[in-house]
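Chemist: A structural model of the following input is requested.
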Amino acid sequence: MATTIPSIACLGVIGRNNNPLHITIFPSYDPKTNTASTPVRTPLQFSLLLSSSLDVFDLRLRTTAGASVSGDLGLLHAIDERLAVYGFETNTGTRFVVIVDMRGRRADARVASGKGGAAAAVVGLREGEMKPVFKAMQTAYVKLLQNPFYDPDEHSPPTGVGGKRITSRLFAEDMRRIGETWIPGVTSL
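Modeler: Coordinates of the predicted model:
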């Protein structure tokens, strides 16, 4: 059996009004065919997992007595033995959510030998493993906000109506690059 390492299954950007702005889903490793296959969940299931993570963000806000909770919140919750959800909140209330598939990618020779920044047998993730992902997501989001043709208020829903999703091709490419290049132990993306 091939050695597998954790990989990103889904990246989500949630607006300050709890509206989904962007979702990118990645395929997982299938040990039967020895190739990348379909994602471990459907797009609807990933959307529901991202929505359920918002409850954890809100719970952490309540437990800190109303203090501003921004920055890396670490592990929000484990879905099952395979999927785990990590979260980051900006000081403007935008939330970045990463769903990690603990058996998501086949380790190539560089990673299996320990030269790619990851150990051959990865059992779990250390606390800081997601920091480079959140930093790269935040950088991509800031680049999007710097675009003079992007109107962030257009993506904030008026009362009772959902906002628009981010449709920027460059932002989507950045999210795809982040999800495809991250491996445990990488220090920058």
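Chemist: separation between the residue nearest to the spatial centre of the chain and residue 3?
Modeler: With distances taken as CA atoms, centre = their mean, residue 98 lies nearest the centre of the chain, 2.0 Å away. In this view, residue 98 and residue 3 are 22 Å apart by CB to CB, to the nearest Å. For the C-beta atoms, the positions are set from N, CA and C on the backbone; glycine is no exception.
Chemist: now do residue 139
Modeler: 31 Å.
Chemist: wait, doesn't the residue nearest to the centre of the chain sit right on residue 8?
Modeler: Yes: Residue 98 is in contact with residue 8 according to CB atoms under 8 Å; the separation is 6.0 Å.
Chemist: which residues are in contact with both of those two?
Modeler: residue 133 (CB atoms under 8 Å, 6 or more residues apart in numbering).
Chemist: low-confidence ranges in the chain?
Modeler: Across the chain, the ranges flagged by pLDDT under 70 are 1-2, 30-36, 64-70, 108-124, 154-163.
Chemist: the helices in it, which residues?
Modeler: Applying DSSP state H to the chain gives helices spanning 43-63, 109-112, 131-145, 169-181.
Chemist: which of these sits most buried?
Modeler: Mean neighbour count (mean count of other CB atoms under 10 Å) peaks for helix 131-145 among the helices of the chain, with a mean of 18.
Chemist: Please name the residues that touch the nearest residue to residue 4 once chain neighbours are set aside.
Modeler: Sequence neighbours aside, residue 103 is the residue nearest to residue 4 in space, at 4.6 Å (criterion: CB to CB, 6 or more residues apart in numbering). Residues in contact with residue 103, defined by CB under 8 Å, 6+ apart, are 4, 6, 28, 29, 82.
Chemist: please redo it, this time with the cut-off set to 10 Å
Modeler: Applying CB atoms under 10 Å, 6 or more residues apart in numbering, we find residue 103 in contact with 4, 5, 6, 7, 28, 29, 31, 40, 81, 82, 83, 122.
Chemist: Show me just the buried residues among those.
Modeler: Among the contacts of residue 103, those that count as buried by neighbour count (16 or more other CB atoms under 10 Å) are 4, 5, 6, 7, 28, 29, 40, 82, 83, 122.
Chemist: Columns distance to residue 129 on top of the residues you listed, output as JSON lines?
Modeler: Below are the buried ones among the contacts of residue 103 laid out as JSON lines (distance: CB to CB, whole Å):
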{"residue": "4", "distance to residue 129": "16"}
{"residue": "5", "distance to residue 129": "11"}
{"residue": "6", "distance to residue 129": "8"}
{"residue": "7", "distance to residue 129": "12"}
{"residue": "28", "distance to residue 129": "18"}
{"residue": "29", "distance to residue 129": "18"}
{"residue": "40", "distance to residue 129": "19"}
{"residue": "82", "distance to residue 129": "16"}
{"residue": "83", "distance to residue 129": "15"}
{"residue": "122", "distance to residue 129": "10"}
